[in-house]
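J.: Need the 3D shape of this:
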Amino acid sequence: MTAIQFTPPGRLTALPPLSLYIHLPWCVQKCPYCDFNSHTHKAANDQERYVDALLADLAAELPHVWGRPVETIFIGGGTPSLFSADAVNRLLAGVRALLRVQPAAEITLEANPGTFEREKFQGFRDAGVTRLSIGVQSFNDACLKKLGRIHDSREALAAIETALSLFERVNIDLMYALPGQDVAGALQDVRTALSTGAGHISAYHLTMEPNTPFGHTPPPDLPADEAAQDIEDAVQQALEEAGFLHYETSAFARSGQFCRHNLNYWQFGDYIGIGAGAHGKISHHDRIERTVRKRHPNDYLQAIAVDPVSAAERRTVARADLPFEFMMNALRLTEGVPAAWLAERTGISSAAIAKPLLAAQRQGLLDTDPAYLRATPLGRRFLNDLLQYFLA
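T.: Predicted coordinates:
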C-alpha cells in the first residue's frame, strides 16, 4: 500500500449537519443473529426512568453542540416500539426543549411487527415521528421461525399497511441468504415488500456475527457462498427493475425517499448518540471526537444517576485515521460524495492522499472523476479491498 503523507493539521471551516441517535436497548427476546446492544425486556424496566436518563444524557452533551440545529432524529434499538407512545412523546418533547430541532426534521422510529398496535403507531405519529422502519426480515414464516423472530408474515403485512396509512415514509428491513432460502424464496420476499407500496427497502445479507448464537453455531442449511451471491444479485436486480435506486450498499428507495438520517452518517456528518451503548461523532473546528456511552443499561442508568458526564467516553480521532473513517462511510454511497467534502469535513486535502487515490483508481476500484470520491461497481463489490488503500 502507498503511504499517506499528511500536511500540517487543518481546521474545519464549517461544521457538518448534525443528527441525533437515541438508543432504546430492550427487545422481547434476543434474535440468534443479532450483535446489536439489545437486552431482553423485563416488566420491571421503567420507561420513565430511562427517558429521564436519556434527557439528562442529552443535557450533558449540550456544551459540545451549542446552537447547532438538528436535521434528523433516529430512535433505534433494541425494539423502540416496545416503549409506549406516551414515553416516546415525553422523550421527543424533552429533546425539542434542549435542541434546535428543525421544523422539517426527519424523525425515524424502529418497530417490530410483533409489537404492532394501531393505537400505538398513531401515538408515535402524534408524538412527532415522521418515518417508521419496520424490521420484517422475511415474509416466509418458516424463515422467520429460523431467525427467532416473534412475528409472522400476517402481522408484518398488517403493521406495514397501518404504517403506510399513518406515515409519509416507511422502510421495510429485509434479510436474504437465510437458512434454507434460494433465489426464488428471496425474490418472493422482495415481491411481497414491493407490493405493499413502501418507498424504502433495506436489504441485508445475513451474516454470522461473533458472540452470537449463530456465530457460535451457524444454522445447518445456510446457502453456500456462490448461492448466496446469486441471491444477492437477484435481490438487487429485482429492486432496481422495480424503480428503486440502489443508493447505498444495503439501501434501496424510490426517488425522494432516501433516509436522511443514514445519509448524514455516510456523508460524514455529525451525530449525538445517547442511550446505553450509543455511539456519536462530534466535530469541532480543531478536532473530531468519537463518543460512546456505557453499554449495559444498568451501568448506563447508574452512571447517569451519579453524573451524566461520566456515562460517556470521548476520544479525538487521530488525524492519520481520518481518511479511512471518511472513506469507510462515503464510499458506501453509490454516487459517492463531492471531493471537496474531504477537506471540509476532515481538514485533510485531497492532495494529502493523492497517492492512495491514484493507486485505487489504477486498480479500477475508484472513479477517476476529480470532482467526486466514488467507488466503481468493482470497488463497491470489493469495498474492503478499496478501503485498505486509506488505512493509516
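J.: Find me the pLDDT at Phe214, would you?
T.: Confidence per residue is given as pLDDT, and for Phe214 that number is 89.
J.: wait, doesn't it sit right on Tyr33?
T.: Yes - under the criterion of CB atoms under 8 Å, Phe214 lies in contact with Tyr33, with a separation of 4.6 Å. Quick note: C-beta positions are derived from backbone N, CA and C, even for glycine.
J.: what residues does the lowest-mean-pLDDT helix or strand in the chain touch?
T.: Considering only helices and strands, the least confidently modelled element of the chain by mean pLDDT, DSSP states H and E is strand 39-40, at a mean of 84. The list of residues contacting strand 39-40 from outside it, by CB atoms under 8 Å, 6 or more residues apart in numbering, reads Pro25, Trp26, Cys27, Val28, Gln29, Lys30, Gly78, His296, Pro297.
J.: Now tabulate those residues in CSV and tack on distance to Tyr389 and secondary structure.
T.: Written out in CSV, the entries for these read as follows (distance: CB to CB, whole Å; DSSP: H, G, I helix; E, B strand; the rest coil):
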residue, distance to Tyr389, secondary structure
Pro25, 36, coil
Trp26, 40, strand
Cys27, 38, strand
Val28, 43, coil
Gln29, 42, coil
Lys30, 37, coil
Gly78, 36, coil
His296, 37, coil
Pro297, 39, helix
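J.: so which of those comes closest to Ala105?
T.: Gly78 (21.6 Å; CB to CB).
J.: which residues does that closest one contact?
T.: Residues in contact with Gly78, defined by CB under 8 Å, 6+ apart, are His23, Leu24, Pro25, Trp26, Cys27, Phe36, Asn37, Ser38, His39, Glu110.
J.: Make a markdown table from those residues and add neighbour count and distance to Gly94 to it.
T.: Rendered in a markdown table, the data for these read as follows (neighbours: other CB atoms under 10 Å; distance: CB to CB, whole Å):
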| residue | neighbour count | distance to Gly94 |
| --- | --- | --- |
| His23 | 25 | 16 |
| Leu24 | 28 | 14 |
| Pro25 | 24 | 18 |
| Trp26 | 20 | 19 |
| Cys27 | 22 | 24 |
| Phe36 | 16 | 24 |
| Asn37 | 20 | 22 |
| Ser38 | 22 | 23 |
| His39 | 19 | 23 |
| Glu110 | 19 | 19 |
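J.: Pull the most distant pair out of these.
T.: The two members of these with the most space between them (CB to CB) are His39 and Glu110, at 15.3 Å.
J.: quick one: the helices in the stretch 101-250 of the chain?
T.: For the stretch 101-250 of the chain, helices defined by DSSP state H, counting those that start in this stretch occupy the ranges 118-127, 141-146, 153-166, 183-196, 213-216, 225-241.
J.: buried stuff in the longest one?
T.: Neighbour counts over helix 225-241 (16 or more other CB atoms under 10 Å) mark Ala228, Asp230, Ile231, Glu232, Ala234, Val235, Gln236, Ala238, Leu239 as buried.
J.: which one of those is nearest Gly135?
T.: Distance from Gly135 was checked for each of the buried residues of helix 225-241 by CB to CB. The minimum falls on Val235, at 17.0 Å.
J.: and the closest one, what does it touch?
T.: Leu174, Tyr176, Ala186, Leu187, Val190, Ala203.
J.: Would you mind confirming that the second one is in contact with Glu232?
T.: Yes - Tyr176 lies in contact with Glu232 (CB under 8 Å); the separation is 6.6 Å.
J.: that older thread, now the contacts of strand 39-40 in TSV, with pLDDT and distance to Trp66?
T.: As requested, the contacts of strand 39-40 are arranged in TSV below (pLDDT from 0 to 100; distance: CB to CB, whole Å):
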residue	pLDDT	distance to Trp66
Pro25	94	28
Trp26	91	32
Cys27	89	35
Val28	85	39
Gln29	84	41
Lys30	84	38
Gly78	90	29
His296	94	30
Pro297	95	29
